[in-house]
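*Asks:* test case, fold it:
(one chain, ligands or ions: 1)
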Amino acid sequence: GSIDNFMELNVSELNEHYVRLKEKYDEYKSQNLNLDMSRGKPCSEQLDLSRDMLDILKSDEDYRAKDGTDYLNYGGLDGIPEAKELFSQVLEVSTKEIIIGGNSSLNMMHDTIARAMLHGVYGGESPWGKLPVVKFLCPSPGYDRHFAICELFNIEMITVDMLSTGPDMDTIEKLVSEDDSIKGIWCVPKYSNPDGITYSDQTVDRLAQMNTKASDFRIFWDDAYTVHHLTEKADQLKNIFAACKSAGNPHRVLMYSSTSKITFPGSGIAMMAASEENLNFFRKQLSIQTIGPDKLNQLRHVRFLKDMDNLKVHMEKHAAIIKPKFSMVLNKLESELGRKNIASWNEPKGGYFISLNTLNGCARDVINMAAEVGVKLTKAGATYPYGKDPRDRNIRIAPTLPSIEELEKAIEVLCLCVQLVSIEKILSEK
Ligand code: PMP
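*Replies:* As a prediction, the model looks like this:
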């Protein structure tokens, strides 16, 4: 008969399904699979798209700036003008409002927080680390490495739910207006990690305008996936910096991005955009930390990516490679789990992840069960502060790295595990 809705099956029907699905699962056990859907890494075909960048600088002329500066030597603290020119367009800021750094935006975010703890932020009254308690708002599910930074610095994390429009603004507005120990919020505003949500214009405006009890409150705006579209109709994200300026809060937002998933992860270039006052404050500290970033890698990136039009074409090539992987995962989820009422998931229009929610209390068991047959998923709870998913239901799927064939197997295993664990759960509650 039809097995559309697991919730409507009786005990013996559920048991029948369980036995049938368990047999399939056991078959996979014998295959000694070794599949990894745990981290959002590009696949080798994607990396090949940027190979030509590696030897793009050849003659002496290629190492020189427009103004004659020799990029083979020391000089330049905050990024080469050519890179500021290109990436200020990506982040929709002026060339005075951007710093181009090293190979990692996460590194820049970490250092921003470390400096805020030690020295405070521009216009702030006290180093955050001198205060009895510092708290951050963490829209969740979110990016585990953001949360890890808070844990390292003993910043208390407050979980805020993600809605289809972005983080739950009613809750955020209330919290920040009442508690001056809340100093910041982590945001992945476009094609969010892992939900693939782009914040609505209203969410952006409310973040820019809200009254914060802490005068030195900062929005960490991690626009990591800003040009990483999967469809032709790209999501539009409202410019929060402009919104903050209009709201009279020009220093509230610190924006970050990188080319990690444009060129080479780990060997790309990272950037930070903010008010000139914020950046001048950072530059002083930066000048103690380093003589300057890797200008040659910045130059390679500019020569290779060229301009916004060419960047768009380059990103379309990425999309052409990974879109079939996303489609395959989504089709499989639909054919295996659709209408059974045991899971829900997003259909991202960009970014690197598909976020799957199981019945409450099932995600950890599903992830363990998949691991037992060699299918590795992001750790249970990883998408929540302190690694604790309060509903134990979120599973982050990263489809880009495996081949289509591997992915198909991995998702089949995942869907079997979701069904098996769900049946156990439903039976235990009958
Ligand atoms: N932010 C988000 C939201 C990410 O998913 C990632 C992983 N690519 C990063 C930052 C890390 O970026 P980077 O390589 O620039 O440190």
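
*Asks:* and the residue of the stretch 301-430 of the chain nearest the ligand?
*Replies:* residue 352 (6.5 Å; C-beta to the nearest ligand atom). Heads up, the C-betas are built off the backbone N, CA and C, glycines and all.

*Asks:* how about the nearest residue to that residue, chain neighbours excluded?
*Replies:* Nearest residue to residue 352 in three dimensions, chain neighbours excluded: residue 40, at 3.8 Å (C-beta to C-beta, 6 or more residues apart in numbering).

*Asks:* quick one: neighbours of the one you found, just the number.
*Replies:* 23 (other C-beta atoms under 10 Å).

*Asks:* just confirm it is within a strand.
*Replies:* No: Residue 40: not assigned to a strand; according to DSSP: H, G, I helix; E, B strand; the rest coil it is coil.

*Asks:* what distance do you get for the residue of the stretch 301-430 of the chain closest to the ligand to residue 426?
*Replies:* Here the criterion is C-beta to C-beta, to the nearest Å. By it, residue 352 lies 32 Å from residue 426.

*Asks:* looking at those two, which one has more neighbours?
*Replies:* Legend: neighbour count by other C-beta under 10 Å for residue 352 and residue 426, higher for residue 352 (26 against 18).

*Asks:* quick check: that one touching residue 228?
*Replies:* Yes: with contact defined as C-beta atoms under 8 Å, residue 352 reaches residue 228; the gap is 7.1 Å.

*Asks:* joint contacts of the two?
*Replies:* The contact sets of residue 352 and residue 228 overlap at 191, 261 (C-beta atoms under 8 Å, 6 or more residues apart in numbering).

*Asks:* what residues does the stretch 51-200 of the chain put near the ligand?
*Replies:* Listed as neighbours of the ligand in the stretch 51-200 of the chain under the rule C-beta under 6 Å from any ligand atom: 104-106, 143, 188, 193.

*Asks:* what strand or helix carries the residue of the stretch 301-430 of the chain closest to the ligand?
*Replies:* Per DSSP states H and E, residue 352 falls between elements, in no helix or strand.

*Asks:* which phi and psi does residue 251 have?
*Replies:* phi -100, psi 0 (degrees, to the nearest 10).

*Asks:* can you show me the strands along this structure?
*Replies:* 35-37, 98-100, 135-140, 156-163, 166-167, 182-187, 218-222, 253-258, 270-273, 343-345, 354-358, 375-377, 394-397 (DSSP state E).

*Asks:* export these to CSV and tack on mean pLDDT and mean neighbour count?
*Replies:* Converted to CSV, these look like this (pLDDT from 0 to 100; neighbours: other C-beta atoms under 10 Å):
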stretch, mean pLDDT, mean neighbour count
strand 35-37, 92, 21
strand 98-100, 98, 25
strand 135-140, 98, 24
strand 156-163, 98, 17
strand 166-167, 98, 25
strand 182-187, 98, 25
strand 218-222, 98, 25
strand 253-258, 98, 25
strand 270-273, 98, 26
strand 343-345, 97, 19
strand 354-358, 97, 23
strand 375-377, 95, 22
strand 394-397, 96, 26
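
*Asks:* rebuild these as JSON lines, extending it with distance to residue 111.
*Replies:* Below are these laid out as JSON lines (distance: least, C-beta to C-beta, whole Å):
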{"stretch": "strand 35-37", "distance to residue 111": "29"}
{"stretch": "strand 98-100", "distance to residue 111": "11"}
{"stretch": "strand 135-140", "distance to residue 111": "16"}
{"stretch": "strand 156-163", "distance to residue 111": "19"}
{"stretch": "strand 166-167", "distance to residue 111": "24"}
{"stretch": "strand 182-187", "distance to residue 111": "14"}
{"stretch": "strand 218-222", "distance to residue 111": "12"}
{"stretch": "strand 253-258", "distance to residue 111": "11"}
{"stretch": "strand 270-273", "distance to residue 111": "10"}
{"stretch": "strand 343-345", "distance to residue 111": "35"}
{"stretch": "strand 354-358", "distance to residue 111": "29"}
{"stretch": "strand 375-377", "distance to residue 111": "30"}
{"stretch": "strand 394-397", "distance to residue 111": "26"}
